[in-house]
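Engineer: Got a sequence here, can you build the structure:
(4 chains)
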There are 2 protein chains.
Amino acid sequence: MKEFLGKDMRLTNQRRIILEELQSVSTHPTADEVYGLVRQKMPRISLGTVYRNLEVLSSLGLVRKLENAAGQKRFDGDTSPHHHIRCEVCGKVGDIYDAPDISGIEKGLHSDFQVTGFILEFSGICPHCQARQQPEQ
Amino acid sequence: MKEFLGKDMRLTNQRRIILEELQSVSTHPTADEVYGLVRQKMPRISLGTVYRNLEVLSSLGLVRKLENAAGQKRFDGDTSPHHHIRCEVCGKVGDIYDAPDISGIEKGLHSDFQVTGFILEFSGICPHCQARQQPEQ
DNA sequence: TCAAAATTTGATAACCATTACTAATTGAGC
DNA sequence: GCTCAATTAGTAATGGTTATCAAATTTTGA
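Structural biologist: Numbering: from 1, shown residues only, chains lettered A, B, ... in the order given. Got it, this is the predicted structure:
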């Protein structure tokens, strides 16, 4: 990880463990869920440190920050190209790897904004919430 | 508007004016910006009333709610089908009417979620922020 | 190797958008 | 007009996130 950090940036244990923990799960944890994970290995870390480093890691491109829908921010240790689906009921996020490629869709649009990109996010109902909703009929 | 309200729902002046003000602007105001607009006609309205009614109007489909974990919610009085573009710098939102049609893209995806829809949101830099950034080179 | 300089941390307070609460008010049907 | 449930204004509470700052840690360089 050292090689990704900029000049004047240090590879602290906190920083390293936050990244490792985030890369070890396939959920898309919120900042306080990351805090919970990291505290198992480093019980005295503070929540502020987690927030600060998630921001640093995200600006370095080492993790993805998901902030394009309601609720808390979520973080993804998987930086490979893929999309996300968000549960309308509980907010949980899953991965979508086989969506049709729409890259370039942002080109040639009519807008006074300078268009730089787009985010495609799916919505649905997660397995857990499906199971909870079915019985009520 | 009366016809859209459900049984046991009242058409109050507050509710009517909030909708009228939101439909009269092409910006995508935050709740407190709507509050500012409505207070010009109804100075004693409370912020809580604005929040509550924006939620009601949105659940009735009379306005669109644009949610983003990174910033404040925004509201759109235009319910016709169109996409949005968000300024990466200041968070301001604009409309995109000529994006290629990707309806149906959510069908046939491989996921344990029950897929119900998608949101396509563009990102860019608004005219105001472009003007502010250019000079610094 | 040691001291000075710089970054980072932990702990806590502050911030701010949003929601909850409650007594008073008001719209809508009779 | 009267009644009553829905709604409001005003205010407090909530919760995620950010800011602050002294202490700790790491780096630098003499």
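Engineer: Only the buried residues of stretch A:120-131, if you could.
Structural biologist: Neighbour counts over stretch A:120-131 (16 or more other Cβ atoms under 10 Å in any protein chain shown) mark A:120-126, A:129 as buried. The C-beta positions use only the backbone N, C-alpha and C, and glycine is treated the same way.
Engineer: In strands, which of these appear?
Structural biologist: Cross-referencing the buried residues of stretch A:120-131 with the strands (criterion: DSSP state E) gives A:120-125 as the overlap.
Engineer: roughly how far apart are residue A:111 and residue A:58?
Structural biologist: Taking Cβ to Cβ, to the nearest Å as the criterion, residue A:111 is separated from residue A:58 by 26 Å.
Engineer: give me the number of residues near residue A:3?
Structural biologist: Each residue near residue A:3 was counted by other Cβ atoms under 10 Å in any protein chain shown, and the total is 5.
Engineer: And the one 3 residues further on, by the same measure?
Structural biologist: Look at residue A:6: counted by other Cβ under 10 Å, it has 8 neighbours.
Engineer: For residue A:60, see how far away it is.
Structural biologist: 8 Å.
Engineer: Also residue A:35?
Structural biologist: Here residue A:35 is placed at a distance of 20 Å from residue A:60 (Cβ to Cβ).
Engineer: which of these two has more neighbours?
Structural biologist: With other Cβ under 10 Å as the criterion, residue A:35 and residue A:60 differ in neighbour count, and residue A:35 comes out ahead with 20 against 14.
Engineer: SS state for the residue nearest to residue A:71 when sequence neighbours are not counted?
Structural biologist: Nearest residue to residue A:71 in three dimensions, chain neighbours excluded: residue A:91, at 4.5 Å (Cβ to Cβ, 6 or more residues apart in numbering or on different chains). Residue A:91 falls in the coil class when you classify it by DSSP: H, G, I helix; E, B strand; the rest coil.
Engineer: again with the one 3 residues further on
Structural biologist: Classification of residue A:94 into helix, strand or coil gives strand, according to three-state DSSP.
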